[in-house]
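Engineer: could you look at this predicted model? Sequence included:
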Amino acid sequence: MKHFSLFFTVVWFTGTSITGVAREHIVASNSSKTHRNDIYIAIRGDGLSGGGTMSDPYDGSTSDKFDSIMDGLPINTRVSLAPGSIFFTNGLKWHDNSKGWTVKSGLHLLGNGSTVKLAVLPDDWPNVHFQKHIVMGNQVLDPPANNVTIENLTIDANWQNLASPQTNKALICAFLVGSNNSYRKVRAINAYGDSASKTECFTLGFNAAAGGASNCWAYDCVIDTPRGDYQAGIAFFGYSKTNPLKRSGAVNCQALARCESGLINLAYNDGLTVTGCYTYDSQGIHHDTGTLRHLVVKKNTFEHIFGTGVQSQATGEDASDFVISENYFQITNQVNGGHSYGVTTDARNTVITKNVFVKDESGSGYAGWRAIYSTNANGMTITDNSGDNTMEYYVKGRNISARNNRDFNGHVLPSLQRP
């Protein structure tokens, strides 16, 4: 046992040093709240269960062992996983409570570059009423889990190895219901959503509980290798119009494969910020349900857009106070039988400024490019944007101000020149 402890301690510190996480990032994350419990989990091969300390970590070498440890944690526990290891899990607590685990308030899961991977589908997966399974998190009907941080971890839904013959299913990497929750440096892979049955996958999700929620953030996260054709990257959901998700957002996140429903997917939000994010061959920000107020979209890059860069379908009092600034939109013609868009919204009191709109003809879909599109604007200011002059800039409504919007040769865009 002494030999194992010494070896493990050396590996632990060596692994931590090569994760590349900035020291100030670690300090800021770990000092955000006081933890009463610290435990360590590793893949042990000596047959011992361990005591949960750094020198004598718990054994998480099977999905049942890992889940038993995680489900038995008290609130406010910081869990450090052995660097670079692959831990298997049965996912969110199964309906019959036979397997799985549920995130509790105050969990700080430090992955240290490790992976948590779904091992098996629940026994009732074939049930037609059971459409979605989650690798880690809690559900809307569970008690809220607040002050949760999941950090420096790959979450693998493993659909390609677990694929069910049923198609009306979705596998989700993580879903947190509550306030003050965050994903930091999380890579979410192999999630699945099915368009034929309209079973949408929300790869990483935040959701408000019945009383609403606030302060939920995704930092430096990556959505990659989706296995289906109906995916959203990071979801920010309120509970209702009167109980929205407030003061939340995404910073420096990426969609490296197609998210048909957007890198960012929104419903019932008030105070949502998206900045420094990147998408390729994906929708950028998609909103089709509930209210959306005080949206800030700033300094993002939307390359080779599939469908829309920034889209909100809310109208009237349900959408207001948007700022869309300093973004790069590369708009392709990939949509069969439909237009492709940079920004489309009718939100009241919207400012669209200092963006770049580029036309890309490399697609094979409908040859229709709409850089800015609004049919019922009210209080819209469009200034200092640059764009290809062969695209459409269609803005109708009232209280519209458009000035100093130019093509790449410095000429004024006539459709965006108003008092």
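Structural biologist: That came in fine, so what should we check first?
Engineer: C-alpha only now, for contacts and for neighbours.
Structural biologist: OK.
Engineer: identify the residues contacting stretch 133-145?
Structural biologist: Outside of stretch 133-145, the residues within contact range by C-alpha atoms under 8 Å, 6 or more residues apart in numbering are 89-92, 101-106, 117-118, 121, 155-157, 170-179, 207-209.
Engineer: check stretch 74-88 too.
Structural biologist: The contact list for stretch 74-88 (C-alpha under 8 Å, 6+ apart) reads 11-12, 15-16, 34-43, 60-63, 66, 104-119.
Engineer: quick one: mean pLDDT for that stretch?
Structural biologist: Taken as a whole, stretch 74-88 has a mean pLDDT of 98.
Engineer: export that stretch as CSV, just CAs?
Structural biologist: The C-alpha trace of stretch 74-88 is given here as CSV (Å, rounded to 0.1, in the frame of the first residue of the first chain):
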residue,chain,number,x,y,z
PRO,A,74,-22.6,15.3,1.0
ILE,A,75,-23.3,18.8,-0.3
ASN,A,76,-20.4,21.2,-0.7
THR,A,77,-17.8,18.6,-1.7
ARG,A,78,-14.8,19.2,-3.9
VAL,A,79,-13.9,16.1,-5.9
SER,A,80,-10.5,15.8,-7.6
LEU,A,81,-10.2,13.1,-10.3
ALA,A,82,-6.9,11.5,-11.2
PRO,A,83,-5.4,13.4,-14.1
GLY,A,84,-5.9,11.9,-17.6
SER,A,85,-8.0,9.0,-16.4
ILE,A,86,-11.2,7.6,-17.9
PHE,A,87,-14.0,7.1,-15.4
PHE,A,88,-17.1,5.2,-16.5
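Engineer: now do the buried residues in that stretch.
Structural biologist: By neighbour count on 16 or more other C-alpha atoms under 10 Å, the buried set for stretch 74-88 is 75-88.
Engineer: first to last residue in stretch 302-319, what's the distance?
Structural biologist: Distances were taken as C-alpha to C-alpha, to the nearest Å; on that basis the terminal residues of stretch 302-319 are 22 Å apart.
Engineer: what is the distance between it and the centre of its chain?
Structural biologist: Put simply, stretch 302-319 sits 16 Å off its chain's centre (C-alpha atoms, centre = their mean, to the nearest Å).
Engineer: what residues does that stretch touch?
Structural biologist: Contacting residues not belonging to stretch 302-319 are listed as 258, 260, 278-293, 327-335, 339-348, 360 [C-alpha under 8 Å, 6+ apart].
Engineer: and these, which of them are buried?
Structural biologist: Burial by neighbour count, judged by 16+ other C-alpha under 10 Å, picks out 258, 260, 278-287, 289-293, 327-335, 339-348, 360 from these.
Engineer: out of the residues you listed, which are inside strands?
Structural biologist: Secondary structure defined by DSSP state E assigns 278-280, 285-287, 289-293, 328-331, 340-344, 348 of the buried ones among the contacts of stretch 302-319 to strands.
Engineer: I'd say residue 187 and residue 218 touch.
Structural biologist: No. Between residue 187 and residue 218 there is no contact under C-alpha atoms under 8 Å: 11.1 Å.
Engineer: more neighbours: which of the two?
Structural biologist: The residue with more neighbours, out of residue 187 and residue 218, is residue 218; 28 against 23, by other C-alpha atoms under 10 Å.
Engineer: tell me what the helix or strand the more buried one falls within is packed against?
Structural biologist: Using DSSP states H and E, the element containing residue 218 is strand 217-219. When contacts are defined as 3 or more C-alpha pairs under 8 Å, 6 or more residues apart in numbering; DSSP states H and E, strand 217-219 sits against strand 182-189, strand 245-251.
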